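K.L.:
Sequence first, then the predicted structure:
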Amino acid sequence: MQKPEKPAAPPAAGRAARLVHIITFGCQMNEADSENIAASFRRRGFELTDELKKADAVVVNTCTVRQRAEDKAISQIGRLRVWKEKRPEGRVFVVGCAAQKLGGKYLKHRFPFVDEVVGAKAIVNFEEALESQFGPAPDTETAHKNLFRSPQTAYVTIMRGCSLKCSYCIVPAVRGPAAFIPVETILEDAAVKIKAGAREIVLLGQTVNSYRHGRTTFSGLLERALALPGLERLRFMSPHPIYFDDGFTALLASEKKLARHMHLPVQSGSDRILKLMRRGYTRAQYLALLARLRAAAPDLAVSTDFIVGYPGETEKDFEETLTLIKEGRFSLAYCFKYSPRTDKPEMAATLSEGEIEARLERLLAAVRINSRVILNERIGKIEEVLFETETYGRTSGNFALRVKAGGIPGKMAEVAVAGADKNTLNGKVIIL
Ligand code: 5AD
Ligand code: SF4
């Protein structure tokens with residue numbers, strides 16, 4: 001980190017606050033990091049702005065999970081060249097996973113107008129980068145503000161990094177091995193966010209259900225979090241299939257505040273590919289887990305991730321992925337084209353771009369049909385909805401839902417589901 005010759009002056013009395021524009025790519029972990037970054041800026045008297053041209057500082061929080069994510073980050077940074085020319089006193093911060101992968105030296109050489117580079121491994125020390133640009137922070141507290149999802153929903157990071165070794169994945173390299181945040185810190189973070197208005201907390205981690213701190217397991221942490229006053233609903237993401245234990249299923253059965261939704265990435269329906277990916281489970285084991293979870297919570301909605309075109313994926317492997325969509329009864333699936341993240345020859349794509357594209361289209365079509373079926377199954381049911389506006393909210397299963405009127409933002413209500421259109425349920429509030 002380079003020290004500037006003269007720290008920028010704080011805003012003079014009477015002058016409007018300085019503004020920071022934060023651009024976030026990637027996953028919810030990045031969104032949570034961006035919220036912390038925003039809080040650090042706000043402690044220094046900055047306010048957030050959606051408009052780049054009004055900003056005094058810009059943060060690009062980058063992702064590199066697939067090459068396309070990294071390319072997007074790079075072109076975003078490139079576009080800041082003009083901004084900086086017009087505003088030489090403006091500051092540019094590049095942070096996150098692509099920053100970690102590419103390194104400060106490379107980024108500052110390619111983009112000399114970048115002031116600070118903070119990789120994903122050092123993101124908890126973002127404060128130091130700010131201090132080097134603007135001097136020490138005054139000793140003031142700022143109330144938490146949710147920047148993503150909705151005002152009622154707050155992210156709470158419970159672990160950083162990942163200690164698994166899935167063959168295709170760059171996350172362990174850029175975020176480092178799993179490190180768990182102490183229980184008390186997590187509960188305090190959640191309590192602060194509930195006090196600031198959150199009714200729903202989403203616990204975050206790359207393998208969130210591998211959580212363990214001292215004697216506290218993931219289920220133990222969930223139990224403590226569920227007891228927080230003011231909390232209406234608890235979610236977590238993303239769990240890994242190998243870490244669920246009986247303590248968890250028991251909790252899922254008994255705790256209605258624990259959301260009836262899980263995003264449980266499966267990646268492929270072929271045992272051969274799952275093995276090459278080093279996922280640690282077979283198709284049958286994954287399905288058996290779904291059965292156990294659904295025995296505990298019959299209305300559980302499960303969404304997933306698929307990768308198409310993994311090196312060596314045959315038509316037969318791919319068809320096994322296609323059949324898993326229906327068998328897994330997924331409410332939603334994010335489908336990604338395989339993107340090589342290393343130069344290892346055995347990890348190069350074996351299918352042509354056209355072949356991968358064709359499989360992706362087939363996968364997306366199958367997912368679309370299946371999601372519609374799963375959504376329609378909710379018609380006629382009564383759902384608990386946490387409203388974000390008077391007319392819009394999300395069910396415990398994470399389905400979007402609309403009513404004509406009667407929702408109270410931040411409050412849970414029971415809704416009789418009457419129909420579905422596109423990806424959204426609709427119905428009538430029955431109990432407030
Ligand atoms: N190529 C394509 N998709 C990937 N994912 C992770 N790494 C890759 C890769 N190299 C997908 C996985 C994961 C999601 C966050 O991104 O499906 O669950
Ligand atoms: Fe992207 Fe993975 Fe980093 Fe999230 S953890 S920002 S998905 S590379």
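P.N.:
Received, thanks. Numbers count the residues shown, from 1 in each chain. Ligands and ions are numbered 1, 2, ... in the order given.

K.L.:
Around ligand 1, pick out the residues from the protein.
P.N.:
Val65, Arg66, Tyr168, Cys169, Pro265, Gln267, Asp305, Ile307, Phe336, Tyr338, Ser339, Arg341 (C-beta under 6 Å from any ligand atom). Bear in mind the C-beta positions are built from the backbone N, C-alpha and C, glycine included.

K.L.:
Quick check: of those residues, which has the highest neighbour count?
P.N.:
When the residues of the chain next to ligand 1 are compared by neighbour count (other C-beta atoms under 10 Å), Ile307 ends up highest, at 24 neighbours.

K.L.:
Put the alpha carbons of stretch 24-34 into PDB.
P.N.:
As requested, C-alpha coordinates have been extracted for stretch 24-34 and formatted as PDB (Å, rounded to 0.1, in the frame of the first residue of the first chain):
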ATOM      1  CA  THR A  24     -19.900  -5.500  -6.500                       C
ATOM      2  CA  PHE A  25     -19.400  -8.600  -8.600                       C
ATOM      3  CA  GLY A  26     -19.800 -12.200  -7.500                       C
ATOM      4  CA  CYS A  27     -21.400 -14.000  -4.600                       C
ATOM      5  CA  GLN A  28     -23.100 -13.000  -1.400                       C
ATOM      6  CA  MET A  29     -19.800 -13.300   0.400                       C
ATOM      7  CA  ASN A  30     -18.600 -10.400  -1.700                       C
ATOM      8  CA  GLU A  31     -21.900  -8.500  -1.100                       C
ATOM      9  CA  ALA A  32     -21.300  -9.000   2.700                       C
ATOM     10  CA  ASP A  33     -17.700  -7.700   2.300                       C
ATOM     11  CA  SER A  34     -19.000  -4.700   0.300                       C
END
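
K.L.:
what's in contact with that stretch?
P.N.:
Counting contacts by C-beta atoms under 8 Å, 6 or more residues apart in numbering, the residues outside stretch 24-34 that touch it are 22, 59-63, 65, 69, 72-73, 76, 95-98, 123, 126, 147-149, 155-157, 160, 175, 202, 204-206, 237.

K.L.:
Intersect those with the contacts of ligand 2.
P.N.:
Applying C-beta under 6 Å from any ligand atom to the contacts of stretch 24-34, those adjacent to ligand 2 are Cys63, Val65, Ala69, Gly96, Cys97, Arg175.

K.L.:
now for these, which pair is the farthest apart?
P.N.:
For those, with distances taken as C-beta to C-beta, the pair at the greatest spread is Ala69 and Arg175 (14.0 Å).

K.L.:
hey, what's Gly393 bridged with?
P.N.:
When bridges are called by DSSP bridges, Gly393 pairs up with Phe387, Leu401.

K.L.:
That one: what's it in contact with?
P.N.:
Counting by C-beta under 8 Å, 6+ apart, Gly393 touches Val385, Leu386, Phe387, Leu401, Gly407, Ala413, Val415.

K.L.:
where in the protein is pLDDT low?
P.N.:
Scanning the chain for pLDDT under 70 picks out the ranges 1-15, 432.

K.L.:
max-length helix in it?
P.N.:
Under DSSP state H, the helix in the chain containing the largest number of residues is helix 353-376.

K.L.:
mind checking which helix or strand Val58 is in?
P.N.:
Assignment of secondary structure by DSSP states H and E places Val58 within strand 57-62.

K.L.:
Restricting to C-alpha, output that strand in PDB.
P.N.:
Once side chains and other backbone atoms are set aside, the C-alpha atoms of strand 57-62 remain, and they are given as PDB (Å, rounded to 0.1, in the frame of the first residue of the first chain):
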ATOM      1  CA  ALA A  57     -14.100   7.300  -4.400                       C
ATOM      2  CA  VAL A  58     -14.900   4.100  -6.200                       C
ATOM      3  CA  VAL A  59     -14.600   0.500  -5.000                       C
ATOM      4  CA  VAL A  60     -14.700  -2.400  -7.400                       C
ATOM      5  CA  ASN A  61     -15.200  -5.700  -5.500                       C
ATOM      6  CA  THR A  62     -14.300  -8.400  -8.000                       C
END
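
K.L.:
Residues of the stretch 151-300 of the chain that sit close to ligand 2?
P.N.:
Val171, Val174, Arg175.

K.L.:
Which of the residues you listed sits closest to ligand 1?
P.N.:
If you rank these by distance to ligand 1 using C-beta to the nearest ligand atom, Val171 comes first, at 7.3 Å.

K.L.:
Quick check, the closest one in contact with Arg160.
P.N.:
No. Using C-beta atoms under 8 Å, Val171 is not in contact with Arg160; the gap is 10.5 Å.

K.L.:
before we move on, back to that, just the buried ones from the residues of the stretch 151-300 of the chain next to ligand 2, in PyMOL syntax?
P.N.:
The following PyMOL command selects only the buried members of those, with burial defined by 16 or more other C-beta atoms under 10 Å:
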select buried, resi 171+174+175
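
K.L.:
From the residues of the stretch 151-300 of the chain next to ligand 2, which land in strands?
P.N.:
Among those, no member is found in strands (DSSP state E).

K.L.:
Mind putting the residues of the stretch 151-300 of the chain next to ligand 2 into JSON lines with distance to Lys381?
P.N.:
Output for those, formatted as JSON lines (distance: C-beta to C-beta, whole Å):
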{"residue": "Val171", "distance to Lys381": "36"}
{"residue": "Val174", "distance to Lys381": "42"}
{"residue": "Arg175", "distance to Lys381": "39"}
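
K.L.:
Excluding sequence neighbours, find me the nearest residue to Arg212.
P.N.:
The spatial neighbour of Arg212 that comes closest, neighbours along the chain excluded (C-beta to C-beta, 6 or more residues apart in numbering), is Phe180 at 6.2 Å.
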